[in-house]
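Q: Structure here, sequence nowhere to be found:
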């Protein structure tokens, strides 16, 4: 997950070259995906009044365009585009352009957003998010499809059809039921929970998707240590390399196909190298 660095904790911008260099490194070391956050406005957030801080991020589509220009195989995705705050045709135009720039490597992650201040400023209602996702999703599905029948509902298309359907994944619940996600999405990205707490949700997911195989993704905070440890942190884990190997095997057994690492504490490039050398050979 990018951007990543101590600047985020100081309400500063992460240097753009850091994310671009990280994409080059991740591809060279065999990682399968690079993901970019989408936070439209820097609204201070925190558990208590005293620890609230603002997170300043670059435009995710422009950043992914820069990453696409220096990579050739790694998947590039948003996690997640706040669809209720963007017109779906604007999102479609960006997604189709990124699909062309990356030669089919772009994945569109969609979320509902949760910051009341943003919705007020954009003139949107938090209460309408469920309906906004569903109506926007239908427009995007048509615009991002190569199928003339699916595109027929578009009065004017943003671009010519893509060569293949651009994948769309729901991030979090997107204010939808698991059944709706299984029917409409190419994947579902859930936030981290301890393995034992995931079992019930994943059982519901397996029943909902039936014979279909949308991708199951887990977003996970990661504080990777150089020793042996294993403890829970907020929306993630603090582990050493051996413990991470065991943890990822457990997630695979639960049916999770892909993990998004939200790297914490240490420089991301250093952590990627440790995973490359000590973890990936055992997966």
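A: Thanks, I have it. Please read all numbers here as calculations on a predicted model, not as lab measurements.
Q: give the contact list for residue 242.
A: residue 228 (Cβ atoms under 8 Å, 6 or more residues apart in numbering). Yep, even glycine has a C-beta here, placed from its N, CA and C like the rest.
Q: Could I get the buried residue list for stretch 181-199?
A: 181-182, 184-190, 192-193, 198 (16 or more other Cβ atoms under 10 Å).
Q: How far does that stretch sit from its chain's centre?
A: Offset of stretch 181-199 from its chain centre (Cα atoms, centre = their mean, to the nearest Å): 12 Å.
Q: Endpoint to endpoint, that stretch covers what distance?
A: 18 Å (Cα to Cα, to the nearest Å).
Q: Which residues does it contact?
A: Contacts for stretch 181-199 (Cβ under 8 Å, 6+ apart): 79-80, 107, 109, 137, 141, 165, 167-174, 176, 178, 201, 205, 208-210, 212, 214-221, 232, 235-237, 247, 250-251, 254, 260.
Q: which among those residues end up buried?
A: 79-80, 107, 109, 137, 141, 167-174, 176, 178, 205, 208-209, 214, 216-221, 236-237, 247, 251, 260.
Q: Give me the spatial nearest neighbour of residue 23, chain neighbours excluded.
A: Of all residues not flanking residue 23 in the chain, residue 67 sits nearest, at 4.1 Å (Cβ to Cβ, 6 or more residues apart in numbering).
Q: Residue 225 now?
A: Nearest to residue 225 is residue 240, by Cβ to Cβ, 6+ apart, at 5.0 Å.
Q: separation between residue 2 and residue 112?
A: Separation of residue 2 from residue 112 (Cβ to Cβ, to the nearest Å): 22 Å.
Q: Who has more neighbours out of these two?
A: Per other Cβ atoms under 10 Å, whichever of residue 2 and residue 112 has more neighbours is residue 2, with 25 against 21.
Q: Show me what the more buried one is bridged to.
A: Here residue 2 sits in beta bridges with residue 36, going by DSSP bridges.
Q: need the contact list for it.
A: Contacts of residue 2 (Cβ under 8 Å, 6+ apart): 14, 19, 22-23, 34-37, 63, 268.
Q: just checking, what packs against the host helix or strand of residue 66?
A: Assigned by DSSP states H and E, residue 66 belongs to helix 60-70. Judged by 3 or more Cβ pairs under 8 Å, 6 or more residues apart in numbering; DSSP states H and E, helix 60-70 is in contact with helix 16-28, strand 33-36, strand 75-78, helix 88-102.
Q: want to throw those into TSV with distance to residue 54?
A: Output for those, formatted as TSV (distance: least, Cβ to Cβ, whole Å):
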stretch	distance to residue 54
helix 16-28	18
strand 33-36	18
strand 75-78	20
helix 88-102	24
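Q: how about CSV for the ones you listed, with distance to residue 280 and mean neighbour count added?
A: Below are the helices and strands packed on helix 60-70 laid out as CSV (distance: least, Cβ to Cβ, whole Å; neighbours: other Cβ atoms under 10 Å):
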stretch, distance to residue 280, mean neighbour count
helix 16-28, 11, 17
strand 33-36, 14, 24
strand 75-78, 16, 23
helix 88-102, 23, 20
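Q: Now mean pLDDT and distance to residue 155 too, for these, in CSV please.
A: Output for the helices and strands packed on helix 60-70, formatted as CSV (pLDDT from 0 to 100; distance: least, Cβ to Cβ, whole Å):
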stretch, mean pLDDT, distance to residue 155
helix 16-28, 98, 36
strand 33-36, 98, 30
strand 75-78, 98, 26
helix 88-102, 98, 10
